[in-house]
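Engineer: Here is a sequence with its predicted model. Questions after.
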Amino acid sequence: MLEIRNLHVKLEEEDKAILKGVDLSVPAGAVHAIMGPNGSGKSTLSYVLAGRAGYVVTDGSATLEGADLLAMAPEDRAAAGLFLAFQYPVEIPGVGNMTFLRTAVNAQRKARGEDEMGAAEFLKAVRAKAADLKIDAEMLKRPVNVGFSGGEKKRNEILQMAMLAPKMCILDETDSGLDVDAMKLVADGVNALRDAGRGFLVITHYQRLLDHIRPDVVHIMSDGRIVKSGGPDLALEVEENGYVDLLAEAS
Amino acid sequence: MAASRARKPAAPEPRIEGLVLPSGGAWARAARTGAHERLRAAGLPVRRDEYWKWTDPTPLTAEQAPPAAAFDPGDEAPAFDDIPAVRLVFTDGVFDAAASDDPALAGVEIARLADAGQADLHWAREVYGVIEAAGQVPVARPLAALNTAMAPDGVLIRVAGKAARPVSLVYRHVSETSDAMLHHCIRLEPGAELTLLESGPAAARFNNVIEVEVGAGAAFHHVRTQGRDHDRRAVTHLFARVGAGALLKTFTLTANGVLTRNEAVVELVGEGGSAHIAGAAVGDGAFHHDDTVFVRHAAPGCESRQVFKKVLKNGARGVFQGKILVERAAQKTDGYQISQSLLLDEDSQFLAKPELEIYADDVKCSHGSTSGDIDETALFYLRSRGLPLSEAQALLVLAFVAEAIDEIASERLASDIRGRLDGWLARHRDQDRDQDRG
């Protein structure tokens, strides 16, 4: 599904390398987790894959089902099936949450040459999915993320993910700022989307999210590289011993 | 305040002295002569006048109107086309009865200014030139006085009760050299309600004045669109007197135009009155748009809002001069003013002069003015969800002007305005694309 080969990235504004040769392969149906200390390049990887400005790819490749992600505009990556759940979802005053969602769903459908979703069908779908995530009608009516609590913003991200039904979901520190109940809601939302045809890349700082979203593979990232990969136990090892021992061992 | 007082010209201006006032009945004649006197005292505006320093009045005061070709809007439907309204059509500033609906359908008294000399319109003499004259202090508005003195046509509307339909003034522009001047007077008796719509390019040069008296408990809704003709030069004045518990809501959408100056002068004279003055302007290239607003709180417990948004690209220029004056008697005033611009490139410019002058001690007044570009973080967020760049930009631009459009009470009218803005954004991004392609 997602193939990343020898990816090197530096900042556009300064000559600073952030990713120094990332290799990663997430097959359809699998959940991979990336853990790592602050500044290891986890969030940068998610932004580069989604197409945010400010980064320069100096080497390597990233493909989604064989298509060159790095050559596409952000909206084309989305239409191709990539979704990034943001660590800090953006507040957009003046744009209604529902209008935004419907525009997004139909923009992607249009880009893929599919029929647009009618108003009634859309409303029915969004209400059902919002109910699962305990998102009330009031939240749907408000401008995108404006006045939402941290937990509400993250649930709103998962709602978007559910409505857009992407092939490859990247979750960037979705657990940050969440209490246990909110984390469980978000995890349930993600688990409901697990599917043989869909890949997940869960970026997290802590192991606790992985208690709820069980990964197939855990990668440890440090200084712009994947330095170690293993099964779910690797996350527990991090939790017990921290990154220091692991990193020493890897180098 | 002394600095903003009318400037006395050193010598009589031949252009003013030589004016020949239209003939008409005695009351109109007196009002026109009075306006001519005000104009002689003030002189025509020049760049060194305090409130004209950012807008060059020369094209508006020149003897000859600079020519402007009539504009073909292509397949865009005329504004407010699907609103059931009584349409009164003016072609190059002259009432066109054949193209208009029967005025009687509005269920209000409507007379033509050109015929007013013959008619016995007692109420009109209490409005025509009277509310305009009150609005000449402390800042002179000579182009409005010129209009009162000279405007040959316009409508006089008196409303008692609720108007059956909105009155829609449609301004058609045919002649390349038309120099139109219209003057409308409106009186809403206590408790009355009227929606007034204005649309169309009007003329090569257009000078428009509305005087409106909003009686106690009455409601006056005013929605207008200006544009999309590029070569238009226009100056408009809205003078309003708002009575106790009365409501005035005015919104203007301006698209294109090399020079547009919209002045609103509103006096809140009765307790608990409310005045909302809003505008959205979109300009690309040779565009100069000026909103000059003066709200005087003369009675206690009134509320006023000024909400102005401008979207500027390719060197377009926006001006906002807005003032709230709270007199000593106007305790418990609630005044709000916001003027914002979205600059879509570095060549565009927004100049703002927000002013508060407060003599009462128990008031709530706030004002703010900002200039900014499109929020890149929000733009990326929308694109990451699949919105194409142009669609994401349009959504953010519409979000930016939403606060001004929200001032329109009727959802149907608001949606017409949104549709027009959408169309403008679509056309102007297509032009960008074409330019990219060379």
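Structural biologist: Noted; the coordinates are in hand.
Engineer: does the closest residue to chain A within the stretch 1-150 of chain B count as helix, strand or coil?
Structural biologist: Of all residues in the stretch 1-150 of chain B, B:Asp82 sits closest to chain A, at 20.2 Å by C-beta to the nearest C-beta. Quick note: C-beta positions are derived from backbone N, CA and C, even for glycine. Under DSSP: H, G, I helix; E, B strand; the rest coil, B:Asp82 falls in the coil class.
Engineer: nearest residue to it other than its sequence neighbours?
Structural biologist: B:Asp416 (7.7 Å; C-beta to C-beta, 6 or more residues apart in numbering or on different chains).
Engineer: tell me how far the helix or strand where B:Glu263 lies is from the chain's mean position?
Structural biologist: Following DSSP states H and E, one finds B:Glu263 within strand B:259-268. With C-alpha atoms, centre = their mean, to the nearest Å as the basis, strand B:259-268 stands 6 Å off its chain's centre.
Engineer: Determine the number of other residues adjacent to the residue of the stretch 1-150 of chain B closest to chain A.
Structural biologist: 9 (other C-beta atoms under 10 Å in any protein chain shown).
Engineer: Show the pLDDT at the closest residue to chain B within the stretch 51-200 of chain A.
Structural biologist: Closest residue of the stretch 51-200 of chain A to chain B, C-beta to the nearest C-beta: A:Gly94 (2.8 Å). Note on A:Gly94: pLDDT of 87.
Engineer: Show me what the strand holding B:Glu263 packs onto, helices and strands only.
Structural biologist: Contacts defined by 3 or more C-beta pairs under 8 Å, 6 or more residues apart in numbering or on different chains; DSSP states H and E place strand B:259-268 against helix B:58-61, strand B:233-242, strand B:247-255, strand B:274-284, strand B:288-297.
Engineer: can I get those in TSV with distance to chain A and mean pLDDT?
Structural biologist: Shown next, in TSV, are the helices and strands packed on strand B:259-268 (distance: least, C-beta to the nearest C-beta, whole Å; pLDDT from 0 to 100):
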stretch	distance to chain A	mean pLDDT
helix B:58-61	34	95
strand B:233-242	26	98
strand B:247-255	16	98
strand B:274-284	12	97
strand B:288-297	20	98
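Engineer: any chance of these in CSV, plus mean neighbour count?
Structural biologist: What follows is the helices and strands packed on strand B:259-268, written out as CSV (neighbours: other C-beta atoms under 10 Å in any protein chain shown):
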stretch, mean neighbour count
helix B:58-61, 18
strand B:233-242, 26
strand B:247-255, 24
strand B:274-284, 26
strand B:288-297, 25
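Engineer: Let's have these in CSV, adding distance to B:Ile374.
Structural biologist: Listed next are those as CSV, based on distance: least, C-beta to C-beta, whole Å:
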stretch, distance to B:Ile374
helix B:58-61, 31
strand B:233-242, 28
strand B:247-255, 19
strand B:274-284, 14
strand B:288-297, 19
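Engineer: near chain B, which residues of the stretch 101-250 of chain A show up?
Structural biologist: A:103-105, A:107-108, A:111, A:143, A:160, A:164 (C-beta under 8 Å from any C-beta of the partner chain).
Engineer: can you give me the helices in chain B?
Structural biologist: B:14-17, B:26-42, B:58-61, B:122-125, B:130-134, B:142-150, B:376-384, B:389-405, B:411-437 (DSSP state H).
Engineer: Just the angle for the second one relative to helix B:142-150, thanks.
Structural biologist: With axes from the mean of the first three to the mean of the last three C-alpha atoms, to 10 degrees defining the directions, helix B:26-42 sits at 150 degrees from helix B:142-150.
Engineer: tell me what helix B:26-42 is packed against?
Structural biologist: Using 3+ C-beta pairs under 8 Å, 6+ apart: helix B:26-42 touches helix B:14-17, helix B:122-125, helix B:130-134, helix B:142-150.
Engineer: List of residues touching the longest one?
Structural biologist: Pointing back at helix B:142-150 there. By C-beta atoms under 8 Å, 6 or more residues apart in numbering or on different chains, the surrounding residues in contact with helix B:142-150 are B:19, B:21-22, B:31-36, B:38-39, B:42-45, B:57, B:60-61, B:128-129, B:132, B:135-136, B:181, B:183, B:207-209, B:235, B:237, B:239, B:263.
Engineer: starting at the chain centroid, how far to that helix?
Structural biologist: Remark: helix B:142-150 is offset 16 Å from the chain centroid, using C-alpha atoms, centre = their mean.
Engineer: I'd like the average pLDDT over it.
Structural biologist: For helix B:142-150, mean pLDDT rounds to 97.
Engineer: Need the three-state assignment for A:Glu249.
Structural biologist: Strictly by three-state DSSP, A:Glu249 counts as helix.
Engineer: Provide the count of other residues in contact range of it.
Structural biologist: 11.
Engineer: Might you list the low-confidence residue ranges for the chain?
Structural biologist: Let's take chain A. Applying pLDDT under 70 to chain A picks out residues A:250-251.
Engineer: meant chain B, my bad for not saying
Structural biologist: B:1-12, B:118-119, B:430-438.
Engineer: same thing but at 80, please
Structural biologist: Low-confidence segments of chain B (pLDDT under 80): B:1-12, B:23-26, B:116-120, B:430-438.
Engineer: for chain A, what are the nearby residues on it?
Structural biologist: With the criterion set to C-beta under 8 Å from any C-beta, chain B comes near chain A through B:375-378, B:380-389, B:391-392, B:395-396, B:398-400, B:402-403.
Engineer: Could you rerun that using 7 Å?
Structural biologist: Residues of chain B found near chain A (C-beta under 7 Å from any C-beta of the partner chain) are B:377-378, B:380-381, B:383-389, B:391, B:395, B:399-400, B:402.
Engineer: Go through these and name the one nearest B:Trp27.
Structural biologist: Distance to B:Trp27 across the residues of chain B next to chain A (C-beta to C-beta) is lowest for B:Ala402, with 44.4 Å.
Engineer: Does B:Gly93 touch B:Met181 like I think?
Structural biologist: Yes - at 6.3 Å, B:Gly93 counts as touching B:Met181 under the criterion of C-beta atoms under 7 Å.
Engineer: Burial check on the closest residue to chain A within the stretch 201-350 of chain B, number of neighbours?
Structural biologist: Residue nearest to chain A within the stretch 201-350 of chain B: B:Lys309 (10.4 Å; C-beta to the nearest C-beta). A total of 23 residues lie near B:Lys309 under the criterion other C-beta under 10 Å.
Engineer: go on, the one 4 residues further on?
Structural biologist: When neighbours are counted by other C-beta under 10 Å, B:Lys313 registers 19.
Engineer: got the contact list for it?
Structural biologist: B:Lys313 makes contact with B:284, B:344-345, B:348, according to C-beta atoms under 7 Å, 6 or more residues apart in numbering or on different chains.
Engineer: do B:Thr370 as well
Structural biologist: With C-beta under 7 Å, 6+ apart, B:Thr370 has these contacts: B:Gln340.
Engineer: List the beta-bridge partners for it.
Structural biologist: With DSSP bridges as the criterion, B:Thr370 is bridged to B:Gln340.
Engineer: Could you tell me how far A:Lys110 is located from A:Thr103?
Structural biologist: Distance of A:Lys110 to A:Thr103, computed by C-beta to C-beta, to the nearest Å: 10 Å.
Engineer: which one of those two has more residues nearby?
Structural biologist: Comparing A:Lys110 with A:Thr103 by other C-beta under 10 Å, the one with more neighbours is A:Thr103, at 20 against 15.
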